[in-house]
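Participant: All I have is the shape, not the residue letters:
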């Protein structure tokens, strides 16, 4: 049976059928999935029967794995698997995974474990479509800018609204402080496509004040989150979504009344981002070598 790719929206997302990802893939299958990922940015696989080992084996087809997270604990006995569990917090903010390190993951896999009876969708946005949507003057400006990304920033939540458990989670998340400068416009290493490389961890434009930075980042972010650029994925049991972390952002919608929701995430080690002039990202604070190798 040959692999079939069915487009879900004009700008992002496709369903993949005709391949059993619980088994080892041959080179032709891996190439077909990689090429589909380059085009569609996010790929959904239905009716997959994977455990943590199987999810890791699938992700390894695309490169070395990172550990679960630079600071957050992995699933017990599975150091490469991060539990995305509603009981441990909600990722209801737009972000690209782990952009505060020098070389964020190139790709992320999410697998459904526990799905609420309603809500709990994951939104995935194409930052390539966002860049294409920019008017020429804004595109020219974005091409010149760099942004500092960090895991240690003002979450805009009053301290009195943070309970002890949330405070402990925040302390763990920032137990190692990272700060990295990335180009606002990243060039995809495989396709040459340009995308806005910003998201929730991007806190300041290099050379600008915090206030000036916020205005520009919010302006660019508004193009990423246009409805036309978003895949809204409603989870079902036994699904896996693979997305290109180099040219997307995502958001976990908190609309399920606190019902249990759990996904498992496995990520593939990435390359150091490069801007349109060929300059690489640079680290300002924090060493993530315990978390990830650098993809060539």
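Facilitator: Received the coordinates, thanks. Remember, it's a predicted structure, so these values are computed and weren't measured experimentally.
Participant: Which parts of the stretch 151-296 of the chain are helices?
Facilitator: Taking DSSP state H, counting those that start in this stretch, the helices of the stretch 151-296 of the chain run over residues 164-173, 210-224.
Participant: low-confidence ranges in this structure?
Facilitator: 1, 88-90, 154-163, 165 (pLDDT under 70).
Participant: Let me have the helices of the stretch 151-296 of the chain in a markdown table, extended by mean neighbour count.
Facilitator: Every C-beta, even on glycine, is put in place using the N, C-alpha and C of the backbone. Output for the helices of the stretch 151-296 of the chain, formatted as a markdown table (neighbours: other Cβ atoms under 10 Å):
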| stretch | mean neighbour count |
| --- | --- |
| helix 164-173 | 12 |
| helix 210-224 | 16 |
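Participant: Among those, which comes closest to residue 38?
Facilitator: helix 210-224 (18.8 Å; Cβ to Cβ).
Participant: Tell me which other helices or strands that closest one touches.
Facilitator: Under the contact definition 3 or more Cβ pairs under 8 Å, 6 or more residues apart in numbering; DSSP states H and E, helix 210-224 sits against helix 127-133, helix 136-144, strand 194-196, strand 202-205.
Participant: Quick one: closest of the helices of the stretch 151-296 of the chain to residue 146.
Facilitator: The closest of the helices of the stretch 151-296 of the chain to residue 146 is helix 210-224. By Cβ to Cβ, the value is 10.9 Å.
Participant: re earlier: of the helices of the stretch 151-296 of the chain, which is nearest residue 12?
Facilitator: helix 210-224 (10.9 Å).
Participant: Report the distance from that closest one to the chain centre.
Facilitator: Once both centres are worked out by Cα atoms, centre = their mean, to the nearest Å, helix 210-224 turns out to sit 19 Å from its chain's centre.
Participant: rewinding a little: residue 182 is nearest to which of the helices and strands packed on helix 210-224?
Facilitator: Between residue 182 and these, the shortest gap by Cβ to Cβ is with strand 202-205, which sits at 7.6 Å.
Participant: Strand partners (parallel or antiparallel) of that closest one?
Facilitator: Sheet pairing here is set by DSSP bridges, and for strand 202-205 it gives strand 146-150 (antiparallel).
Participant: ok now the partner strand, how far from the chain's centre?
Facilitator: What separates the centre of strand 146-150 from the centre of its chain is 16 Å, taken as Cα atoms, centre = their mean.
Participant: What count of nearby residues applies to residue 279?
Facilitator: Residue 279: 12 surrounding residues under other Cβ atoms under 10 Å.
Participant: ok, now how distant is it from residue 54?
Facilitator: Using Cβ to Cβ, to the nearest Å, residue 279 is found at 39 Å from residue 54.
Participant: Repeat that for residue 283.
Facilitator: Separation of residue 283 from residue 54 (Cβ to Cβ) stands at 34 Å.
Participant: quick one: contacts for residue 87?
Facilitator: residue 260 (Cβ atoms under 8 Å, 6 or more residues apart in numbering).
Participant: now swap in residue 177 and tell me
Facilitator: 150-152, 285-286.
Participant: For burial, what's the neighbour tally of the nearest residue to residue 106 once chain neighbours are set aside?
Facilitator: Once flanking residues are discounted, residue 106 sits nearest to residue 270: 3.6 Å by Cβ to Cβ, 6 or more residues apart in numbering. Using other Cβ under 10 Å, residue 270 has 27 neighbouring residues.
Participant: Contacts only, for residue 270.
Facilitator: Residue 270 makes contact with 103-107, 245-246, 292, 294-295 under the criterion Cβ under 8 Å, 6+ apart.
Participant: Residue 96 now?
Facilitator: By Cβ under 8 Å, 6+ apart, the residues touching residue 96 are 104, 127, 197-199, 201, 245, 248-250.
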